[in-house]
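Visitor: Quick one: sequence and predicted model below, then my questions.
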Amino acid sequence: MEAAPQTVVVVQQGPSRNATPKVIGIIAIIISSLSIIMTVLVGGLLALLSEGANELGAEISFLDQWGFILFYLPAAILLMVGGIKCLKYQKMGVFLMLGAEGLYALGNILILGGEELDIVSALMWPVIWAIVWALPLMLASGDLE
């Protein structure tokens, strides 16, 4: 008795996705979480200290008093949303993270503004982080939806 020929089916996996968007998304979520905590703590402390300084007669501008909360908190929230979208391989997440860095840069320029504004130090970290957040577009653009 001969055995009947058996059919062998080979299932190949499709191309795997690049892990860069997931790694960058996780880094963005961690940094934005820490940034939200620090912004609320530092911004609230500066607001309280500024109120006390106003009572003593010192003139504190509105941006010095509330600038951290106005610029850095929305930027941190935007960074977190962008990180979550980047984790899901959505291209919009990268653009949200780049927008968050734009808000950080604007906040740095307006809060640190005045005669002693050093544009290089105000823009250094937002530009560096913008390059990091753009890595998924450069390395895994085909995997992003």
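Guide: Sure thing, it's come through.

Visitor: buried residues in stretch 42-61?
Guide: In terms of neighbour count (16 or more other Cβ atoms under 10 Å), stretch 42-61 has its buried residues at Gly43, Leu46, Ala47, Ser50, Ile60. Any C-beta I mention is one placed from the backbone N, CA and C, and that applies to glycine too.

Visitor: What mean pLDDT does it get?
Guide: Mean per-residue pLDDT for stretch 42-61: 82.

Visitor: just how off-centre is that stretch within its chain?
Guide: Using Cα atoms, centre = their mean, to the nearest Å, we find the averaged C-alpha position of stretch 42-61 to lie 28 Å away from the chain's own average C-alpha position.

Visitor: Ok, stretch 81-94 next?
Guide: Shown here is stretch 81-94, whose average C-alpha point lies 10 Å from the average C-alpha point of the whole chain (Cα atoms, centre = their mean).

Visitor: in it, what counts as buried?
Guide: Neighbour counts over stretch 81-94 (16+ other Cβ under 10 Å) mark Val81, Gly82, Gly83, Ile84, Lys85, Cys86, Leu87, Tyr89, Gln90, Lys91, Gly93, Val94 as buried.

Visitor: Farthest-apart pair in these, please.
Guide: Farthest pair in those (Cβ to Cβ) is Val81 and Tyr89. Separation: 14.9 Å.

Visitor: Residues touching stretch 120-139, excluding its own?
Guide: 18, 20-21, 24, 27-28, 82, 86, 91, 93-94, 97-98, 101-102, 104-105, 108-109, 112, 144 (Cβ atoms under 8 Å, 6 or more residues apart in numbering).
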